[in-house]
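Q: can't give you the sequence, but here's the structure:
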């Protein structure tokens, strides 16, 4: 359905979950993804506002819901956080038709040899998250705000391995790094 819709008309997406979460009490530096379990009504409120504004697509509140990111916040329920993120997004549409995009963000570090996280650990984390999102019934995966082609490639491969029919991917660039000023 999602790919068919993309071919026939423009789809409107939602906006930033983290920014909206901070407006209603999410502390900077804390895990908004844990709200899927701890404060689902707040996540639902944000996503319903996007639907009311005309969004056809909602990204799940799972940007930082890989094992690596959740572990930093003392959580090991990767499947539960991701599954609940999908359920809340579906609920936000109510009776209206809409598409849920499983959101995968960066793992929040650097892979070896530039950092201390092994590539295999990152691959496993993305595979686990992608599988959780796909098994929960997303329409596509959106991989966003990646800063490394290697990390982006691992996330795309994980999404494809999980069997998703459509992967949307984006990179974020640091202008200073591109100029060689660091």
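A: Right, received. Where do you want to start? Note that the structure is a prediction, hence the values are computed from the model and not measured. Residues are numbered from 1 along each chain as shown.
Q: Excluding covalently adjacent residues, which one is nearest to the residue nearest in space to the middle of the chain?
A: By Cα atoms, centre = their mean, the mean C-alpha position of the chain lies nearest to residue 103, the distance being 1.9 Å. Leaving aside its chain neighbours, residue 103 sits nearest to residue 59 (4.3 Å; criterion: Cβ to Cβ, 6 or more residues apart in numbering). The C-beta positions use only the backbone N, C-alpha and C, and glycine is treated the same way.
Q: Pretty sure the one you found sits against residue 18.
A: No: Residue 59 lies out of contact with residue 18 (Cβ atoms under 8 Å); the separation is 11.1 Å.
Q: the more surrounded of the two?
A: Legend: neighbour count by other Cβ atoms under 10 Å for residue 59 and residue 18, higher for residue 59 (29 against 17).
Q: Tell me what that one is bridged to.
A: residue 101 (DSSP bridges).
Q: ok, it - contacts?
A: By Cβ atoms under 8 Å, 6 or more residues apart in numbering, residue 59 lies in contact with 13, 14, 17, 89, 101, 102, 103, 142, 144.
Q: Buried members of those residues into ChimeraX, please.
A: Selection of buried members from these for ChimeraX, criterion 16 or more other Cβ atoms under 10 Å:
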select :14,17,89,101,102,103,142,144
